[in-house]
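Asks: Coordinates for the following, if possible.
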Amino acid sequence: MTYFSYSKSSLLKRHWEIDMDKKRAKKLIPILQAFSDGKEILGRSGEGYAWIDIDEEKFSNAAILEFWKLKIKPDPEVIYVNKSKTGKCYVYNSYKQATALVEGERYYEYIAKKFTEGE
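Replies: Now for the predicted structure:
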């Protein structure tokens, strides 16, 4: 049976080391830039695992940078809805589109009501 012996300093050093090459650096640069700009970062430890928020404490863990899949949290999708008094809803990607096609306000319960993903 073989045992491996590590000094405390080598364990600490290994904890903070990241194997870096040009390909890995190109993938991490946008993540690091977004993190420094205050955007939220998501990570998961492998396929099939849920994406979780990576806070500053987790982001400082070299193992997460080394082994986890990371991505910038996308901005929530915004849609604009016109709802007629008969109950029909018309969905648009922009305020301009939602208001451009309105023929008469009296036929609508609301016009260009903004909805954000997660509401």
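Asks: So which residues of the chain form strands?
Replies: Taking DSSP state E, the strands of the chain run over residues 41-44, 52-54, 69-72, 78-84, 89-92, 108-116.
Asks: pLDDT at Phe4, what is it?
Replies: With respect to pLDDT, Phe4 has a value of 39.
Asks: can you check Tyr95 too?
Replies: pLDDT at Tyr95 comes out at 89.
Asks: same thing with Val91?
Replies: 91.
Asks: Then Pro30?
Replies: 91.
Asks: Was I right to think it contacts Lys71?
Replies: No - applying Cβ atoms under 8 Å, one finds Pro30 not in contact with Lys71, separated by 9.3 Å. Backbone N, C-alpha and C define where each C-beta goes, glycine included.
Asks: so which of the strands of the chain is the most packed in?
Replies: Of all the strands of the chain, strand 41-44 has the most neighbours on average by mean count of other Cβ atoms under 10 Å, namely a mean of 18.
Asks: How about residues contacting it?
Replies: Residues outside strand 41-44 that contact it (Cβ atoms under 8 Å, 6 or more residues apart in numbering) are 31, 34-35, 50-54, 58-59, 64, 68-73.
Asks: Using PDB, write out every CA atom in that strand.
Replies: Provided in PDB are the C-alpha atoms of strand 41-44 (Å, rounded to 0.1, in the frame of the first residue of the first chain):
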ATOM      1  CA  ILE A  41     -21.700  34.700 -12.000                       C
ATOM      2  CA  LEU A  42     -23.300  31.200 -12.100                       C
ATOM      3  CA  GLY A  43     -21.500  27.900 -11.700                       C
ATOM      4  CA  ARG A  44     -22.100  24.200 -11.600                       C
END
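Asks: Who are the packing partners of the longest helix seen in the chain?
Replies: Across the chain, the longest stretch assigned as helix under DSSP state H is helix 22-36. Here helix 22-36 touches strand 41-44, strand 69-72, going by 3 or more Cβ pairs under 8 Å, 6 or more residues apart in numbering; DSSP states H and E.
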